[in-house]
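**Q** One predicted model, sequence on top.
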Amino acid sequence: MTAFSAVVPHADLQVASEAARGDLDAFANLYQTHLPRINSLAGWLLDGYPADVDDAVQEVFIRAWRKLNLYSGEAAFGTWLHRLAVHVILRIRRQSGRRASVEYPVDDLAAVGGGVAVRERPDLRVAIQNAVQFLPPSARDVFVLHDMEGHTHEEVGTLLGIEAGTSRSQLHRARKHLRRLLSSEEQCQ
């Protein structure tokens, strides 16, 4: 059984296997396929600060290239890459110590794969986009990973190195804060 024997077939498995053997065209294919989601995730978790977002996306794909031999095919490649991206992005954010209030483009919200309400209501997307940047970092991380990316609290806990219960409380905190921000925005209009 090789490192690329899949328990469940995945669309990117063959391409990832070719890339792991040094095929640059295969890796370019993976890059093009997954770039929008990784860029969007970096934008959300790094407050859209352009230099940090670009650095994070570049670092994610450099790390992916170096670690492709570790991809076993047990999960979809996108899932594996996403997990790697969360770790890289959060490390970059910790190292930069910077928090910016740069607006992140609304068009990229669709690539996040967020909840139905966010995707179907452009007005809500804009309001959330503007409000998320004001969340405390730990609450924002949980909100983005749980509500926007669709991870369970157990997965969020694993990704962030916290307990599932802490994820739940941070999500509650984020939603409460967002409700307050969004209701004050409505009152101003």
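**A** Great, that's in hand. What you see is a predicted model, and the numbers here were worked out from it, not measured in a lab.

**Q** pLDDT averaged over the strand or helix carrying residue 31 - what is it?
**A** Residue 31 is part of helix 24-45, with elements assigned from DSSP states H and E. Averaged over helix 24-45, pLDDT sits at 92.

**Q** Name the residues of it that come out as buried.
**A** 26-27, 29-31, 34, 37-45 (16 or more other CB atoms under 10 Å). C-beta here means a position set from N, CA and C on the backbone, and glycine is covered the same way.

**Q** so what secondary structure elements neighbour that helix?
**A** helix 13-20, helix 50-67, helix 77-96, helix 109-112, helix 137-143 (3 or more CB pairs under 8 Å, 6 or more residues apart in numbering; DSSP states H and E).

**Q** what residues are up against the closest residue to residue 138 other than its chain neighbours?
**A** Nearest non-adjacent residue to residue 138, counting by CB to CB, 6 or more residues apart in numbering: residue 170, 5.4 Å away. With contacts defined as CB atoms under 8 Å, 6 or more residues apart in numbering, residue 170 is in contact with 138-139, 141-143, 162.

**Q** Pick out whichever of these sits closest to residue 50.
**A** When those are ranked by distance to residue 50 (CB to CB), residue 141 comes first, at 19.8 Å.

**Q** Alpha carbons of stretch 23-37, as PDB, please.
**A** The C-alpha trace of stretch 23-37 is given here as PDB (Å, rounded to 0.1, in the frame of the first residue of the first chain):
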ATOM      1  CA  ASP A  23       5.200  17.000 -11.700                       C
ATOM      2  CA  LEU A  24       5.000  20.800 -11.600                       C
ATOM      3  CA  ASP A  25       2.000  20.900 -14.000                       C
ATOM      4  CA  ALA A  26       0.100  18.700 -11.600                       C
ATOM      5  CA  PHE A  27       1.000  20.900  -8.700                       C
ATOM      6  CA  ALA A  28       0.000  24.000 -10.800                       C
ATOM      7  CA  ASN A  29      -3.400  22.300 -11.300                       C
ATOM      8  CA  LEU A  30      -3.800  21.800  -7.600                       C
ATOM      9  CA  TYR A  31      -2.800  25.400  -7.000                       C
ATOM     10  CA  GLN A  32      -5.300  26.800  -9.400                       C
ATOM     11  CA  THR A  33      -8.100  24.600  -8.100                       C
ATOM     12  CA  HIS A  34      -7.500  25.500  -4.400                       C
ATOM     13  CA  LEU A  35      -6.200  29.000  -4.600                       C
ATOM     14  CA  PRO A  36      -9.600  30.800  -4.200                       C
ATOM     15  CA  ARG A  37     -10.500  29.000  -1.100                       C
END
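
**Q** Number of residues surrounding residue 159?
**A** 20 (other CB atoms under 10 Å).

**Q** In which helix or strand does it reside?
**A** Going by DSSP H and E, residue 159 is part of helix 153-160.

**Q** next helix or strand past that helix?
**A** helix 164-188.

**Q** Buried ones in that following helix, by neighbour count?
**A** For helix 164-188, by 16+ other CB under 10 Å, it's 166-167, 169-171, 173-175, 177-178, 181.
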